[in-house]
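S.K.: compute the structure for the input listed below.
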Amino acid sequence: MGATALVAMLTACGGGSSKAEAEAAAIPTDGILGELPKVVAEYEAAEAAASAKYDELKAKDPEKANEFWKEYIGQGHTTKFKTETLPAVAKTLEGKEIPAEVAEGLPIQLDGNFVLNDSRDSFVSGTFTTGASNETQVLNYYTVAYDTDGNAIATGPGINFSNYPITEGKQFSFRFFVSVSDYDAARWARLAKIVIMDKTSDAYIQAEEYIKAKKDEFRNK
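M.R.: Numbers count the residues shown, from 1 in each chain. This is a model prediction of the structure:
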């Protein structure tokens, strides 16, 4: 079941459209990730609305609540979302590029931008530049995605490199999986770039703090 159909079912059962559903419906689809952020946000909002409706019914009539939940589960919308909707949307992203940047001071050079495949994974390769050596703390090099407002969206894995010793010209790569949730979907819709930086830097620490604060803010609203 799609999010729109699910909302219609909830409304028929007495549940109105929630603020989360309205916010999800308003998420733009003209960014790098297309419809992905909106689709995920609508699904999560519909799930939350169904759960809230069940709790509301249970407080008044447990039997009716169980009937509602049985009908809801029977629609199989979760399975359809995970096996049909999400893969279909992800496939539309294949070949799209996410601009990549390197924080100042890191002795690395990228071959281009992160490129998405049809499974929401993105990859970029690069080489070490002058000044790189075994003293270079390459295992501290991590990724951070930012939106068009310059706010952090999510952090990603570190560098993929095992060909020691570290010398100028040796290659490495990064992988970044785009994992959208309800609390960050609106920012993912405005994805602007992925920056590679040292995870001990102030910028990385601030990014992690911001991401956690936005998640807590969403959960507590």
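S.K.: ends of stretch 132-144, how far apart?
M.R.: In stretch 132-144, first residue to last residue: 22 Å (C-alpha to C-alpha, to the nearest Å).
S.K.: what residues of that stretch count as buried?
M.R.: Neighbour counts over stretch 132-144 (16 or more other C-beta atoms under 10 Å) mark Ala132, Val138, Tyr141, Tyr142, Thr143, Val144 as buried. To be clear about C-beta, it is placed using only N, CA and C from the backbone, and glycine gets the same treatment.
S.K.: burial measure for Thr130, as a count.
M.R.: Around Thr130 there are 8 other residues, counting by other C-beta atoms under 10 Å.
S.K.: got the buried residues of stretch 132-144 as CSV, with secondary structure, distance to Thr78 and pLDDT columns?
M.R.: Shown next, in CSV, are those (DSSP: H, G, I helix; E, B strand; the rest coil; distance: C-beta to C-beta, whole Å; pLDDT from 0 to 100):
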residue, secondary structure, distance to Thr78, pLDDT
Ala132, coil, 47, 94
Val138, helix, 40, 96
Tyr141, strand, 37, 98
Tyr142, strand, 32, 98
Thr143, strand, 30, 98
Val144, strand, 30, 98
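S.K.: and which of those is nearest Ile27?
M.R.: Closest approach to Ile27 among the buried residues of stretch 132-144 (C-beta to C-beta): Val144, at 21.4 Å.
S.K.: ok, the closest residue to that closest one other than its chain neighbours - contacts?
M.R.: Leaving aside its chain neighbours, Val144 sits nearest to Ala207 (4.8 Å; criterion: C-beta to C-beta, 6 or more residues apart in numbering). Contacts here follow C-beta atoms under 8 Å, 6 or more residues apart in numbering; on that basis Ala207 touches Val144, Ala152, Thr155.
S.K.: make it 10 Å
M.R.: Under the criterion of C-beta atoms under 10 Å, 6 or more residues apart in numbering, the neighbours of Ala207 are 142, 144-146, 151-155, 195, 197, 199, 201.
S.K.: rewinding a little: just send the buried residues of stretch 132-144 back as CSV, with distance to Thr167 too.
M.R.: Compiled in CSV, these are given as follows (distance: C-beta to C-beta, whole Å):
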residue, distance to Thr167
Ala132, 7
Val138, 12
Tyr141, 16
Tyr142, 22
Thr143, 23
Val144, 27
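S.K.: what's the farthest-apart pair in these?
M.R.: Ala132 and Val144 (21.1 Å).
S.K.: so which elements touch the lengthiest helix in the chain?
M.R.: The longest helix of the chain (DSSP state H) is helix 36-60. If you count contacts as 3 or more C-beta pairs under 10 Å, 6 or more residues apart in numbering; DSSP states H and E, helix 36-60 packs onto helix 3-12, helix 19-25, helix 62-74, helix 77-80, helix 86-91, helix 185-188.
S.K.: please identify the most buried of those helices.
M.R.: Highest mean neighbour count among those (mean count of other C-beta atoms under 10 Å): helix 185-188, with a mean of 23.
S.K.: for it, C-alpha coordinates in CSV please.
M.R.: Output in CSV follows, covering the C-alpha atoms of helix 185-188 (Å, rounded to 0.1, in the frame of the first residue of the first chain):
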residue,chain,number,x,y,z
ALA,A,185,14.3,13.4,5.1
ALA,A,186,13.7,17.1,4.6
ARG,A,187,17.5,17.8,4.7
TRP,A,188,18.2,14.9,2.4
